[in-house]
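Just need the structure, nothing else, for what follows:
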Amino acid sequence: MPRRTLCYITSHCTQRFSIVSATLPTPSPIHNPARRLRRGTLVFAAYVAVLVAAFATGRGWLDELAAFMVTSLVLWPGLRRLSPVAIALWLAAAAGILALALAGRGDITLDFLPVVINLALCALFARTLVPGSEPLIARLVAVLESPARAALPRVRSYARTLTWVWAILFGAQALALTGLILCAVPDGLLARFGIAPPLAIGDGYWRWFLNLGSYATSIVLLVCEYAFRRWYLRDIQHASLPVFVSRLVRRWPALAHSVMHDPHENARA
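Numbering: from 1, shown residues only. As a prediction, this is how the structure comes out:
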């Protein structure tokens with residue numbers, strides 16, 4: 001199995017930590033937050049340990065275990081709610097990992113982790129766009145700025161549109177990454193099973209985008225959107241970037257709680 005670089009590990013661990021933080025259940029006030037935080041930290045540390053061991057030793061079963069762990073963590077909120085979609089996706093992922101393991105191609109399961117991450121982000125944004133729910137960007141504005149600001153007509157419309165943009169971006173990246181993994185030569189999924197891909201993609205190019213490109217695309221969109229927002233909503237006062245980042249760090253638990261405990265979704269239930 002070709003060795004991945006330390007940069008690959010670092011970028012995946014950082015991105016995956018943000019996904020796990022956003023998708024793991026947030027403790028309710030009646031529980032001990034410190035205990036939940038320690039539990040979540042231990043789970044994440046165990047996952048990172050398995051991932052690093054997989055890269056260091058090249059043992060296929062560790063690759064498969066790491067892929068199974070991150071898939072389970074990402075889908076855990078839906079599994080906890082017994083969501084049919086989450087259960088179906090979890091079973092499909094488990095079956096795919098098992099099939100690759102039995103075929104002796106378990107190492108390629110790690111290549112699908114960026115796909116899982118982008119699909120999880122796509123679902124995270126898209127599920128807040130259903131009728132009766134509040135778009136994710138509007139929740140971000142309400143937590144980081146104020147509910148009154150999020151209720152402004154132009155801000156409300158912009159937040160919904162931007163939520164769509166992020167959902168589409170992550171969905172498109174998931175499709176593009178899947179295509180790269182399937183069509184790459186000689187390490188792609190089709191090539192490993194002796195099937196000629198319809199579009200051969202050189203190994204030197206696809207791994208760069210798989211490991212770094214999709215994350216760089218998200219950063220570019222984030223920077224461009226910030227500049228556009230300052231112009232489009234120029235009649236509204238904006239916090240500086242350092243203040244915004246500081247608020248995001250301090251108010252992250254409130255934002256995660258808003259995402260995980262949708263009052264509109266609970267009302268429909």
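
any idea which residue sits dead centre in this structure?
Ile117 (3.5 Å; C-alpha atoms, centre = their mean).

Test my guess that that residue contacts Val74.
Yes. Taking contacts as C-beta atoms under 8 Å, Ile117 lies within contact range of Val74: 7.4 Å. Every C-beta, even on glycine, is put in place using the N, C-alpha and C of the backbone.

residue boundaries of the strands in the stretch 151-269 of the chain?
All strands of the stretch 151-269 of the chain, identified by DSSP state E, counting those that start in this stretch, fall at 184-185, 201-202.

What backbone torsions are found at the closest residue to Leu152 other than its chain neighbours?
Spatial nearest neighbour of Leu152, chain neighbours left out: Ile236 (7.4 Å); criterion: C-beta to C-beta, 6 or more residues apart in numbering. Main-chain torsions, Ile236, degrees, to the nearest 10: phi -110, psi 140.

can you tell me how far Ile236 sits from Ala95?
49 Å (C-beta to C-beta, to the nearest Å).

And for Pro153?
47 Å.

who touches the nearest residue to Leu190 once chain neighbours are set aside in this structure?
Spatially, and ignoring its direct neighbours in sequence, Leu190 is nearest to Pro197 (4.6 Å; C-beta to C-beta, 6+ apart). Counting by C-beta atoms under 8 Å, 6 or more residues apart in numbering, Pro197 touches Leu182, Cys183, Ala184, Val185, Gly188, Leu190, Ala191.

how about Pro197, phi and psi?
Main-chain torsions, Pro197, degrees, to the nearest 10: phi -70, psi 150.

does the closest residue to Leu255 other than its chain neighbours sit in a helix or strand, and which one?
Among residues not flanking Leu255 along the chain, Val143 sits closest, at 4.7 Å (C-beta to C-beta, 6+ apart). Using DSSP states H and E, Val143 maps to helix 136-144.

Next SSE downstream of that helix?
helix 147-150.
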